[in-house]
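# After the sequence you'll find the predicted model.
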Amino acid sequence: MSQFDVLTIGNAIVDIISRCDDRFLTENAIIKGAMNLIDAERAELLYSRMGPALEASGGSAGNTAAGVASLGGRAAYFGKVANDQLGEIFAHDIRALGVHFQTEPLPQVPPTARSMIFVTEDGERSMNTYLGACVELGPEDVEADVVASAKITYFEGYLWDPPRAKDAIRAAARIAHENGREVSMTLSDSFCVHRYRAEFLDLMRSGTVDIVFANRSEVLALYETEDFELALSKIAADCKMALVTKSEEGSVILKGTERIEIDAMPVERVVDTTGAGDLYAAGFLFGYTAGYPLATCGKLGSLAAGIVIGQIGPRPMLPLDAEARKAGLI
């Protein structure tokens, strides 16, 4: 018997979200639509220039765990925070959702990670992340019993930035496979793919990772091509299953020679795209670990993503299980 459906591993981050215009991004040398790693000094500077902001627990894999729990799944999470105010906020928020989170916090230095997210009028988010305590996540934080009892262990590509996290991920993958479980990852960001392209391909081709989530720009970056169909054929050959999102064009599920196209959920107004890919993964993995057909899993992913982009913040405010029942998906 598995104790958890999905274990996610990622950078434990508190998001500080503010609206701005494109001019603000230009004036502050912020790359639109990307996740930019920054140091403590730049974090303080950008915070001082932000308008009114909303604080919300985030981090890519943390958002995915929150989505799985909101759908009624059994979720666990590994991620490093500090014993400070933001760390307490993060721990409270994820545990309040029913997610297992027992990673030992650090003393107050380095502090809990925070990401200043600037949302422009088109709903695009530009993230500026100070990793802080995240860089201390290591193999000692891998709870072997949790990994062994989780149907799927899922991690974010962003974890390839802090060096010790790589060892933690490889240890978790080994434990998962030794116990007949599967391992999944998200490519996270096209800039992240450019930094670690060779390593990501090795994770897939070596069988360390079974299931890969990506969006259009990430899969194109992975194979250094502008030919989307070519990139899809390559990723289908390199892993057991790939899920590629295409924004308003929906998503595609690739498993061997099987290809399933999934429509995007109609959205009245895109408010904030933060967390869209994270929640797509949550919906898909919830359905997959529950044994639903792949097409239904994809529709659950579209539903969860569609709901989160209609609000501010990366974690669903509506209970996703109720929305999925209303849509006839569970």
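That came through fine.
# which non-adjacent residue is nearest the most centrally placed residue in the chain?
Closest to where the C-alpha atoms of the chain average out (CA atoms, centre = their mean) is residue 60, at 3.1 Å. Spatial nearest neighbour of residue 60, excluding adjacent residues (CB to CB, 6 or more residues apart in numbering): residue 156 at 4.2 Å. C-beta coordinates here come from the backbone N, C-alpha and C atoms, glycine included.
# what residues are up against the one you found?
When contacts are counted by CB atoms under 8 Å, 6 or more residues apart in numbering, residue 156 touches 8-11, 59-61, 185-186, 188.
# possible to save those as a markdown table with distance to residue 151?
A markdown table is the format used below for these (distance: CB to CB, whole Å):
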| residue | distance to residue 151 |
| --- | --- |
| 8 | 12 |
| 9 | 15 |
| 10 | 18 |
| 11 | 23 |
| 59 | 21 |
| 60 | 20 |
| 61 | 16 |
| 185 | 15 |
| 186 | 17 |
| 188 | 22 |
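# need those residues in JSON lines with distance to residue 125 and pLDDT, can you?
JSON lines is the format used below for the contacts of residue 156 (distance: CB to CB, whole Å; pLDDT from 0 to 100):
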{"residue": "8", "distance to residue 125": "20", "pLDDT": "98"}
{"residue": "9", "distance to residue 125": "22", "pLDDT": "98"}
{"residue": "10", "distance to residue 125": "17", "pLDDT": "97"}
{"residue": "11", "distance to residue 125": "16", "pLDDT": "94"}
{"residue": "59", "distance to residue 125": "14", "pLDDT": "93"}
{"residue": "60", "distance to residue 125": "12", "pLDDT": "95"}
{"residue": "61", "distance to residue 125": "17", "pLDDT": "97"}
{"residue": "185", "distance to residue 125": "21", "pLDDT": "98"}
{"residue": "186", "distance to residue 125": "16", "pLDDT": "98"}
{"residue": "188", "distance to residue 125": "14", "pLDDT": "94"}
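# Who wins on neighbours among those residues?
residue 8 (33 neighbours; other CB atoms under 10 Å).
# quick one: residue 53 and residue 19 touch, right?
No - here residue 53 lies out of contact with residue 19, judged by CB atoms under 8 Å, at a distance of 9.0 Å.
# of the two, who's got more company?
Under the neighbour definition other CB under 10 Å, residue 53 and residue 19 were set side by side, and residue 19 has more, 18 against 15.
# And the strands in the stretch 201-330 of the chain?
211-215, 241-245, 251-255, 258-262 (DSSP state E, counting those that start in this stretch).
# got those as CSV, with distance to residue 23 columns?
Shown next, in CSV, are the strands of the stretch 201-330 of the chain (distance: least, CB to CB, whole Å):
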stretch, distance to residue 23
strand 211-215, 26
strand 241-245, 29
strand 251-255, 33
strand 258-262, 36
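# Of all those strands, which one comes closest to residue 124?
Closest to residue 124 of the strands of the stretch 201-330 of the chain is strand 211-215 (CB to CB; 13.0 Å).
# So in that sheet, which strands flank the closest one, and in what orientation?
Partners of strand 211-215 in the sheet, by DSSP bridges, are strand 182-186 (parallel), strand 241-245 (parallel).
# Next, format these as CSV and append distance to residue 200.
Converted to CSV, the strands paired with strand 211-215 look like this (distance: least, CB to CB, whole Å):
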stretch, distance to residue 200
strand 182-186, 8
strand 241-245, 12
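# And the ones you listed: which comes nearest residue 26?
Nearest to residue 26, of all these, is strand 241-245, at 27.6 Å by CB to CB.
# What lies in contact with the closest one?
Strand 241-245 is contacted from outside by 210-216, 219, 232, 235-236, 251-255, 276-277, 280-281, 284, 298, 301, 305, using CB under 8 Å, 6+ apart.
# Just the buried ones out of those residues, please.
In terms of neighbour count (16 or more other CB atoms under 10 Å), the buried residues within the contacts of strand 241-245 are 210-216, 219, 232, 235-236, 251-254, 276-277, 280-281, 284, 298, 301, 305.
# So which residues make contact with the helix or strand where residue 126 lies?
For residue 126, the host element (DSSP states H and E) is strand 125-130. Contact with strand 125-130 is made by 11, 13, 17, 25, 30-40, 42-43, 46, 113-120, 272-274, as judged by CB under 8 Å, 6+ apart.
# Output the contacting helices and strands for the helix or strand following it.
For strand 125-130, the succeeding helix or strand toward the C-terminus, using DSSP H and E, is helix 144-149. The elements that helix 144-149 packs onto, with contact taken as 3 or more CB pairs under 8 Å, 6 or more residues apart in numbering; DSSP states H and E, are strand 4-9, helix 163-178.
# just these: most buried one?
strand 4-9 (a mean of 28; mean count of other CB atoms under 10 Å).
# between it and helix 163-178, how big is the angle?
Interaxial angle of strand 4-9 relative to helix 163-178 (axes from the mean of the first three to the mean of the last three CA atoms, to 10 degrees): 160 degrees.
# Give the buried residues for whichever helix or strand comes after strand 4-9.
Elements were assigned by DSSP H and E; along the chain past strand 4-9, the next helix or strand is strand 13-19. Neighbour counts using 16+ other CB under 10 Å place 13-19 of strand 13-19 among the buried residues.
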